[in-house]
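A structural model of the following input is requested.
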Amino acid sequence: MRKVKVHKLFRKTRFFFFALFGLIVLSVSLLSIVTVSRELSDEYESNSRAIAENIANSSVDILLNRNLATLQSLIDQFVEVQSIRYIYITSDTGEYLAHTFVPGIPDAILASDPFSTETVQRSLPGLGDFVEVGSPILSGAAGTVHVGMDLELLGLKIQRAIGQQLALLGIIFVIGSLLTFWFVNMAARPLADLLVFAAKVAGGARPGEDEPIAMRDDEAGELARLFLHVARRGGGGSRE
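Numbering: from 1, shown residues only. Below is the predicted model of the structure:
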């Protein structure tokens, strides 16, 4: 007899598990994107501010001696750090003492507050998008250091970190879905065997209790034995 396939009965079960896995992966992915983005952005800003404070502490003596050539050399060294894109230092009067812009300071920088140490995001034409932090020198009495970090580089780091996590979640989703289908099929197999057994009984055959499905100790086996019992009682009764 042709093998009976039990697909329709477990179709909703498969869909439920597939949807459940999809919802879990989607939820974890969204949480991962938000968390990674926030953590890397905070770390990026914290590192930028630490660099600004380092420059501020290192430039005190230089500014007191008005050695602007040494000051320029100092900030040029920090620009070699991968994520730093520009540095400029202003005096206590707002004068631009040193900077790393080539060929000159952008208008957006010139129009900004030279004494501000708040974190701001800037879009400089021809240069890109940046997050800028500041640090006062001698509490602002000697000037202010401003450090601009590349937002494009931050975006690439976030994409790389998120991409790795999404790839892992995608693998988990695929493996989980395959395992779900396998478990559902394994659960459906006794029912398919039971249908075949019931069809034999209904067709007039009298299979014995040594049938594999009748020897099971679960609900499928109990139903198979019940079919046998009913078939025997029906076969042994009188007909009018």
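
On the pLDDT front, check the most centrally placed residue in the chain for me.
A centroid search over the chain (Cα atoms, centre = their mean) returns residue 32, at 3.6 Å, as the residue closest to the centre. For residue 32, the pLDDT comes out at 77.

what about the helix or strand hosting residue 24, distance to the chain center?
Per DSSP states H and E: residue 24 is located in helix 11-58. Helix 11-58 sits 6 Å away from the centroid of its parent chain (Cα atoms, centre = their mean, to the nearest Å).

ok, then the element right after it?
helix 60-64.

Looking at that next one now, give me its mean pLDDT.
79.

repeat for stretch 202-214
67.

so where's the longest helix in the protein?
If you go by DSSP state H, the chain has its longest helix at helix 151-202.

And the next helix or strand past that one?
Per DSSP H and E, the helix or strand that comes after helix 151-202 is helix 219-236.

got the angle between that following helix and helix 151-202?
20 degrees (axes from the mean of the first three to the mean of the last three Cα atoms, to 10 degrees).

coming back round to it: what helices or strands is the longest helix of the chain leaning on?
Applying 3 or more Cβ pairs under 8 Å, 6 or more residues apart in numbering; DSSP states H and E, we find helix 151-202 packed against helix 11-58, strand 128-137, helix 219-236. Backbone N, C-alpha and C define where each C-beta goes, glycine included.

what about this structure, any weak spots by pLDDT?
1-11, 82, 203-211, 215, 234-240 (pLDDT under 70).

can you pull the buried residues of stretch 28-35?
28, 29, 32, 33 (16 or more other Cβ atoms under 10 Å).

So residue 116 lies in a strand, does it not?
No. Assessed by DSSP: H, G, I helix; E, B strand; the rest coil, residue 116 does not belong to a strand; its assignment is coil.

what residues are up against it?
Residues near residue 116 by Cβ atoms under 8 Å, 6 or more residues apart in numbering: 134, 144.

And it, its phi and psi?
Here is the backbone geometry of residue 116 (degrees, to the nearest 10): phi -70, psi 140.

Now do it against residue 90, distance only.
According to Cβ to Cβ, to the nearest Å, residue 116 stands 10 Å off from residue 90.

list the residues that contact both of the two?
By Cβ under 8 Å, 6+ apart, the residues touching both residue 116 and residue 90 are residue 144.

can you pull the buried residues of stretch 173-181?
Here stretch 173-181 shows 173, 176, 177, 180 as buried, counting by 16+ other Cβ under 10 Å.

pretty sure residue 140 contacts residue 93?
No. Counting by Cβ atoms under 8 Å, residue 140 stays clear of residue 93, with 11.3 Å between them.

angle of the helix holding residue 24 against strand 128-137?
40 degrees.

Counting by contacts, list what helix 11-58 packs against.
Helix 11-58 packs on helix 68-78, strand 84-90, strand 128-137, strand 143-150, helix 151-202, going by 3+ Cβ pairs under 8 Å, 6+ apart.

So which of these is nearest residue 110?
The minimum distance between residue 110 and those falls on strand 84-90, with 10.2 Å, by Cβ to Cβ.

Contacts for the next helix or strand after that closest one, please.
The first helix or strand that comes after strand 84-90 along the chain, using DSSP H and E, is strand 96-99. With contact meaning Cβ under 8 Å, 6+ apart, strand 96-99 is reached by 63, 68, 71-72, 75, 86-91, 105, 114, 143.

Name the strands paired with strand 96-99 and say parallel or antiparallel.
With DSSP bridges as the test, strand 96-99 is paired with strand 84-90 (antiparallel).

chain center to the strand it pairs with: distance?
Relative to its chain's centre, strand 84-90 lies at 33 Å (Cα atoms, centre = their mean).
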